[in-house]
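In: Mind looking at a prediction? Sequence and model below.
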Amino acid sequence: MKIPSNHPALLASEHLFSVQPFSFVKGLVSAGIAYPIAERYEERKVTVKLRELRHHYRLPFQERLTLVRDALVDTLRFAGAQVPYYRDLFAQTGFNPESVAKDVRYLNDLPYLTKEIMREQGERMYSRPLAGLRHHMCKTGGSTGLSCHIAYDQTAADYSAAVTLYARERAGNYKWRSELHFACRFPDMVDPGWPVREDFKCFAMNRSNIFFDRLDDIGLAEIWETLKRRKPYMVHAHPSTIYALACYIERQYGSAKTFDVFESSGELLEPYQREQIARALRCRVVDRYGLAELGVMAYELDGAEKGLQVLDSEGWPESRELDNGEHELVLTGFRNRLMPLIRYATGDLARVEQREDGFYLTDIVGRIHDIVYLSGIAYPTHTIQDMLDHRVGGIQEFQIDVRGEKPVLRIVPEPHADPAQIAAKIEGYWPGALTVEFVGHDAFVRVGHRAKFRHVVTA
């Protein structure tokens, strides 16, 4: 017999297990008993891979670099022998994987892989037929072009899970500490009641979910009450969502604390968002870079001061210079032998910097497609943002909807800002080019099934 998810007994248990010593005991049972049972039941091999990652990152970078180059060559050999697309590509270009073993710069002899190529090649991207094979399909979000499907084999899926666990360990979130994930609540969602399979999964992961469908004061107050009741160690969400919460908390209380670490995901974490979240919510902010095609590929392993470190155990990073002088991130994944991605042009803008202790991502400025035409002039989103931040002022967040005949600039103003003054400045910079609307955070359009925030809405 199931009971409603908002039953008073369940809400009371959430509060009970948020305080010590009950929180600690629940975490130990989750990590030491429930997770191993779930791993065996689901036929996963994550823990052994987690230990492998711990060992890898204890090595000095120069030792890791030798292993990473070997993994790159091994991936190239496998793809050239087992994947029809790469077998033909290597033959057409005269590419020999062994050349990369001598000098990694020979990798430049291969063209970049794009989503368009993957959609065009279809099953020729696979090393084995999918029929009868345990695999996992993942759809890209479409933020950097049309979506396509990525097939993961079980080993790759297990490594992806292990990478997430390892990275969070580095942020202090061991399995015995609780975490909370934000997810979109859709109008047609029905409460499945308690317990369901997801409840057991969450217990094994020491995780809970929070579903939201509005970011106005009512919705943000509901989110805050849930956070106060559960008191997780880490919160995982899109930065735009937690930024809206931070603005609400600052307006209501000045600052307040219910969790220790915010892990940003799914969107570019802007410096102003990081500062506001850390200040208003009194938490540590950790950024990461991941994508559906390859999983989590960079993380702030040693804090914001060091920056986003590429997880070199998982792939080889490059960046290519574009015609406009910016750099696009290019990645080769090591783990997914079912659908290897070699020199995949991600569509994300970033430089790869090699330091003494690893590869790092720098100059991350957003998405290539975030271009807005105002009066016939193409503006990158970050240029518009700089203008709004440093010339207009008084703006918490903005979004430009270009789906109509005239772009609509939706603005969440600062509490004490003068909307008339903001509108006048915008008109002065872009005469007649925009319709300005002043809204709350809940009025922003969110894209896709994961309800991601984008500064530019195109469809």
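Out: That came in fine, so what should we check first? Numbering: from 1, shown residues only.

In: Break down the stretch 201-350 of the chain into its strands, ranges please.
Out: 207-212, 234-237, 261-264, 284-286, 288-291, 295-299, 308-310, 315-321, 327-333, 344-355 (DSSP state E, counting those that start in this stretch).

In: how distant is stretch 72-89 from the center of its chain?
Out: For stretch 72-89, the separation from the chain centroid amounts to 28 Å (computed by CA atoms, centre = their mean, to the nearest Å).

In: you'd agree F182 is in a helix?
Out: No. Under DSSP: H, G, I helix; E, B strand; the rest coil, F182 falls outside any helix and is assigned strand.

In: Show me the beta-bridge partners of the residue nearest to it when sequence neighbours are not counted.
Out: For F182, ignoring the flanking residues on the chain, the nearest one in space by CB to CB, 6 or more residues apart in numbering is A237 at 3.7 Å. For glycine as for every other residue, the C-beta is placed from the backbone atoms N, C-alpha and C. Assessed by DSSP bridges, A237 has beta-bridge partners S264.

In: A237 touches V261, doesn't it?
Out: No. Look at A237 against V261 with CB atoms under 8 Å: they stay out of range, at 11.6 Å.

In: of these two, who's got more company?
Out: A237 (22 against 19; other CB atoms under 10 Å).

In: ok, now which ones touch the closest residue to N96 other than its chain neighbours?
Out: Once flanking residues are discounted, N96 sits nearest to F90: 7.6 Å by CB to CB, 6+ apart. With contact set as CB atoms under 8 Å, 6 or more residues apart in numbering, F90 has these partners: 80, 96-97.

In: can you list the residues that contact the top helix by length along the chain?
Out: Across the chain, the longest stretch assigned as helix under DSSP state H is helix 61-82. The contact list for helix 61-82 (CB under 8 Å, 6+ apart) reads 56-57, 59, 86-87, 90, 95, 97-98, 100-101, 104, 107, 127-128, 312-313, 316, 332-334, 337, 340, 342, 356-358.

In: make it 7 Å
Out: In this structure, residues lying in contact with helix 61-82 by CB atoms under 7 Å, 6 or more residues apart in numbering are 56, 86-87, 90, 97, 100-101, 104, 127, 312, 316, 332, 334, 337, 340, 342, 356-358.

In: sec struct for K425, please.
Out: helix.

In: If we ignore the residues flanking it in sequence, what's nearest it?
Out: Closest to K425 by CB to CB, 6+ apart is V392, at 4.6 Å.

In: just Q154 next, same as before
Out: Spatial nearest neighbour of Q154, excluding adjacent residues (CB to CB, 6+ apart): R134 at 5.1 Å.

In: Phi, psi for the one you found please.
Out: phi -70, psi 120 (degrees, to the nearest 10).

In: If I look at it, what pLDDT would I see?
Out: If you check R134, the pLDDT there is 95.

In: Count the neighbours of it for me.
Out: 12.

In: Also H390?
Out: 8.

In: I'd like to know how far it sits from V412.
Out: 17 Å (CB to CB, to the nearest Å).

In: What of R128?
Out: Per CB to CB, R128 is found 49 Å from V412.

In: out of these two, which sits in the busier spot?
Out: Higher neighbour count among R128 and V412: V412, with 21 against 15, using other CB under 10 Å.

In: now for the helix or strand that contains the more buried one, which elements pack on it?
Out: Counting by DSSP states H and E, the element that carries V412 is strand 408-413. Using 3 or more CB pairs under 7 Å, 6 or more residues apart in numbering; DSSP states H and E, the elements in contact with strand 408-413 are strand 395-401, helix 419-429, strand 435-438.

In: got the contact list for the strand or helix carrying E14?
Out: Assigned by DSSP H and E, E14 belongs to helix 8-16. Under the criterion CB under 7 Å, 6+ apart, residues 22, 194, 229-230 lie in contact with helix 8-16.

In: For these, which two are the farthest from each other?
Out: Using CB to CB, the contacts of helix 8-16 span at most 18.5 Å, a distance reached by F22 and W194.

In: List of residues touching stretch 207-217?
Out: 179-185, 202, 219, 223, 226, 230, 232, 241, 244, 248, 440-442.

In: no no, stretch 26-46
Out: For stretch 26-46, contacts defined as CB under 7 Å, 6+ apart pick out 17, 47, 158, 161-162, 175-178, 201, 203-204, 206.

In: end-to-end on that stretch?
Out: 21 Å (CA to CA, to the nearest Å).

In: One more: stretch 123-136?
Out: The first residue of stretch 123-136 is 15 Å away from its last residue (CA to CA).
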